[in-house]
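> Structure for this input, please:
(one chain, ligands or ions: 1)
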Amino acid sequence: MATQTADVIVIGGGVAGLSTAMQLAKRGTRVIVLERERLGNGSTGRAAGLLGQLRGTPESTRMLVDGVEIVKELEQRADVDIFVQTGSLRVAETPERAQEIVDLVAMGKSIDFDIDHLSIEEVASKLPYMKTDDLIDACYCPTDGHLQPAELVSAYVKIGKTHGVEFRQNCPVESVIIEAGKAKGVQTSDGTVYAPTIVNAAGPWSYLVAELAETILPTAAVGHYYLTTRPNESHPVDRLSPAVRNRHHRIYTRAESGGLIVGIYGEETAEYDMEKLPADFDMSAMKARLDDIHVATLIYAAQQRFPWINERTPMSITTGIMTFTPDGKPLCGKLPDIEGLYYCSGFCGHGIVQSPTIGLMMADLIVDGQTNYDIKAIEADRYFDVPGFQERAEIKGKCYQMHAGYYGRVESKVTVHGAEKGKATDKHG
Ligand SMILES: Cc1cc2nc3c(=O)[nH]c(=O)nc-3n(C[C@H](O)[C@H](O)[C@H](O)COP(=O)(O)OP(=O)(O)OC[C@H]3O[C@@H](n4cnc5c(N)ncnc54)[C@H](O)[C@@H]3O)c2cc1C
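I've put the predicted structure just below:
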């Protein structure tokens, strides 16, 4: 590649970078996406895609509800099926978890979101393959479901191309050119690209890309695991069975090809240092062994809700690496120290479903300098110069702590219409 110029360089061809690139190009911006390996082959290629729209605040719920509308447009334009609307359930077996459901339903109703309590008999009839005799409450959102990551990637790329996005694969960014406090471009294994705006959307590697610009991004890389059972005649799983979130056992589930996906946000964090992985590391080749402690914990937790699942059940295990932040929310926008450098990272296990609106919001920020979305909670500069968030070791510790409590912590109080009703939370995914 000879020396090249663009209006915006996007580093990373996962859903965050691809959505941002597509939205920028739709507004007439000349964009180049630089991907170290293959498009969609980082965290994006490993995701289960669960979409639960109701979050802990009306603002973050709106982002996900709008995201579904964007996806419907993408489906039409790219002629692919991305969204599978199965509905979703949350189930509770303890009074604390039941209170979370009460709060969530109240919050949903206050913003006219379609959610209600569901009797345990109805839960059992919707999910005959799930143990329900210990449940004390449940709620149901009929408009939830999951996004198919590969199809989402293909739509972003297809539509991006029609608007002129240029994609470079097998093209790792090796250094970021900063002059007089301004972003100027990047050096890749294949030449230099100059642009006044650079977006760091490098997923789990984004803290390393930030270091290339001598800045600090408070993210850490965390391993994640889910199992997928093969179709089982005794426990058939309809393709439109609702997804389930069972925070007591720290698991989520959805139907997949006649079997069941069960994933876990466990207490034990699988820690990764991206700088220690080989330069040609391919996330799609990651494998997990059945005797891995994380897999054993996953199978045990799955068995608590689905007693027919055990180590001998025919299944595959998927593992990959996701990006966590100290407060469980992404880091999107600018830091004050380098003009033209933007961050779009730290999606904490929800990047697939957040990407449609995040891309729009990033394009708003880059093109117009502002957005109609309330992004206070996810602004990239919220840890800028904050003591305790400047060294890798302390950042890692805080991100891992957030991960360990992600599903485990009891979220008993919810923000309603921005007015705090007890402690605010945004982790209802
Ligand atoms: C097992 C698993 C299950 C998940 N399940 C869900 C789910 O159910 N729902 C959900 O919403 N999310 C889920 N996620 C999370 C989701 O996959 C991520 O949040 C999302 O894919 C993040 O997208 P991204 O673009 O930020 O990162 P990535 O997809 O990792 O993309 C970043 C890209 O940057 C590239 N890159 C890195 N460094 C450089 C460089 N120097 N130069 C050029 N390119 C570079 C990488 O190769 C990579 O392709 C899951 C993740 C995992 C691992």
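
> Every contact and neighbour count from this point should use C-alpha atoms.
OK.

> For Ala363, which non-adjacent residue is closest in space?
With sequence-adjacent residues excluded and distances taken as C-alpha to C-alpha, 6 or more residues apart in numbering, Ala363 is closest to Leu24, at 5.1 Å.

> Strands of the stretch 1-150 of the chain, start to end?
Ranges of strands in the stretch 1-150 of the chain, per DSSP state E, counting those that start in this stretch, are 4-5, 8-11, 31-34, 50-51, 83-85, 88-92, 116-117, 137-141, 145-147.

> Out of those, which gets nearest to the ligand?
Closest to the ligand of those is strand 50-51 (C-alpha to the nearest ligand atom; 3.8 Å).

> Just the element for Val193, please.
strand 191-194 (DSSP states H and E).

> So what are the sheet partners of that strand and their directions?
Note on strand 191-194: by DSSP bridges, its sheet partners are strand 4-5 (parallel), strand 182-188 (antiparallel).

> can it be found next to the ligand?
No. On the criterion C-alpha under 6 Å from any ligand atom, strand 191-194 is out of touch with the ligand, staying 12.3 Å away.

> I'd like to know how many residues surround Tyr226.
27 (other C-alpha atoms under 10 Å).

> mind exporting the longest helix along the chain as PDB, just the C-alpha atoms?
As assigned by DSSP state H, the longest helix anywhere in the chain is helix 58-78. Written as PDB, here are the backbone C-alpha positions of helix 58-78 (Å, rounded to 0.1, in the frame of the first residue of the first chain):
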ATOM      1  CA  PRO A  58     -34.000   4.900  30.400                       C
ATOM      2  CA  GLU A  59     -31.000   6.400  28.400                       C
ATOM      3  CA  SER A  60     -29.200   3.100  27.900                       C
ATOM      4  CA  THR A  61     -32.500   1.300  27.200                       C
ATOM      5  CA  ARG A  62     -33.200   3.900  24.400                       C
ATOM      6  CA  MET A  63     -29.800   3.100  22.800                       C
ATOM      7  CA  LEU A  64     -30.700  -0.600  22.500                       C
ATOM      8  CA  VAL A  65     -34.300   0.000  21.400                       C
ATOM      9  CA  ASP A  66     -33.100   2.300  18.700                       C
ATOM     10  CA  GLY A  67     -30.500  -0.200  17.800                       C
ATOM     11  CA  VAL A  68     -33.200  -2.700  16.900                       C
ATOM     12  CA  GLU A  69     -34.700  -0.200  14.400                       C
ATOM     13  CA  ILE A  70     -31.200   0.400  12.900                       C
ATOM     14  CA  VAL A  71     -30.800  -3.400  12.500                       C
ATOM     15  CA  LYS A  72     -34.200  -3.700  10.700                       C
ATOM     16  CA  GLU A  73     -33.000  -1.100   8.200                       C
ATOM     17  CA  LEU A  74     -29.700  -3.000   7.700                       C
ATOM     18  CA  GLU A  75     -31.600  -6.200   7.100                       C
ATOM     19  CA  GLN A  76     -33.600  -4.500   4.300                       C
ATOM     20  CA  ARG A  77     -30.600  -2.800   2.700                       C
ATOM     21  CA  ALA A  78     -28.200  -5.700   2.900                       C
END
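
> Using neighbour counts, pick out the buried residues of that helix.
For helix 58-78, a neighbour-count test (16 or more other C-alpha atoms under 10 Å) marks 58-65, 67-68, 71, 74-75, 78 as buried.

> helices or strands up against it?
Where contact means 3 or more C-alpha pairs under 8 Å, 6 or more residues apart in numbering; DSSP states H and E, helix 58-78 is packed against strand 83-85, helix 149-162, helix 351-363.

> and the direction of the helix or strand hosting Ser316 versus that of helix 351-363, what angle?
Secondary structure assignment for Ser316, by DSSP H and E: strand 315-324. Interaxial angle, strand 315-324 versus helix 351-363 (axes from the mean of the first three to the mean of the last three C-alpha atoms, to 10 degrees): 30 degrees.

> Buried by neighbour count: which residues of strand 315-324 qualify?
Quick answer for strand 315-324 (16+ other C-alpha under 10 Å): 315, 317-324.

> Kindly report the same for stretch 153-171.
Within stretch 153-171, the residues scored as buried using 16+ other C-alpha under 10 Å are 153-160, 163-168, 171.

> pLDDT below threshold where in the chain?
The model of the chain has pLDDT under 70 over residues 1-2, 410-429.

> at 90 what do you get?
The chain contains residues with pLDDT under 90 at 1-3, 55-60, 189, 289-291, 335, 337, 406-429.

> got the residues of the stretch 301-429 of the chain near the ligand?
Contact residues, the stretch 301-429 of the chain versus the ligand (C-alpha under 6 Å from any ligand atom): 319-322, 345, 347-353.

> ok, Ser19 - contacts?
Ser19 is in contact with 156, 355-356, 358-360, counting by C-alpha atoms under 8 Å, 6 or more residues apart in numbering.

> what about 6 Å?
Ser19 is in contact with 156, 359, counting by C-alpha atoms under 6 Å, 6 or more residues apart in numbering.

> mind checking how far it is from Ile198?
Shown here: Ser19 relative to Ile198, a distance of 15 Å by C-alpha to C-alpha, to the nearest Å.

> Could you do Asp374 as well?
Between Asp374 and Ile198 the computed distance is 23 Å (C-alpha to C-alpha).

> Between the two, which is the more surrounded one?
With neighbours defined as other C-alpha under 10 Å, Asp374 and Ile198 compare such that Ile198 has more, 27 against 14.

> What helix or strand is that one located in?
strand 197-200.

> near the ligand, anything from that strand?
No. On the criterion C-alpha under 6 Å from any ligand atom, strand 197-200 is out of touch with the ligand, staying 8.4 Å away.

> Centre of the chain to that strand, how far?
Taking C-alpha atoms, centre = their mean, to the nearest Å, one finds the center of strand 197-200 at 20 Å from the center of the full chain.

> Given it, what are its sheet partners and their directions?
Strand 197-200 has these strand partners (DSSP bridges): strand 8-11 (parallel), strand 341-345 (parallel).

> Let me know which of the ones you listed is tucked in deepest.
strand 341-345 (a mean of 28; mean count of other C-alpha atoms under 10 Å).

> Tell me which stretches of the protein form helices.
Under DSSP H, the chain gives helices at 15-26, 58-78, 95-110, 120-126, 149-162, 206-212, 293-305, 351-363, 392-404.

> Show me what from the stretch 151-300 of the chain comes close to the ligand.
172-174, 201-205, 209, 224-225.

> Top of those by number of neighbours, please.
For these, neighbours were counted using other C-alpha under 10 Å, and Gly203 has the most, 31 neighbours in all.

> Just give the nearest non-adjacent residue to that residue, would you?
Closest residue to Gly203 apart from its sequence neighbours, by C-alpha to C-alpha, 6+ apart: Ser345 at 5.6 Å.
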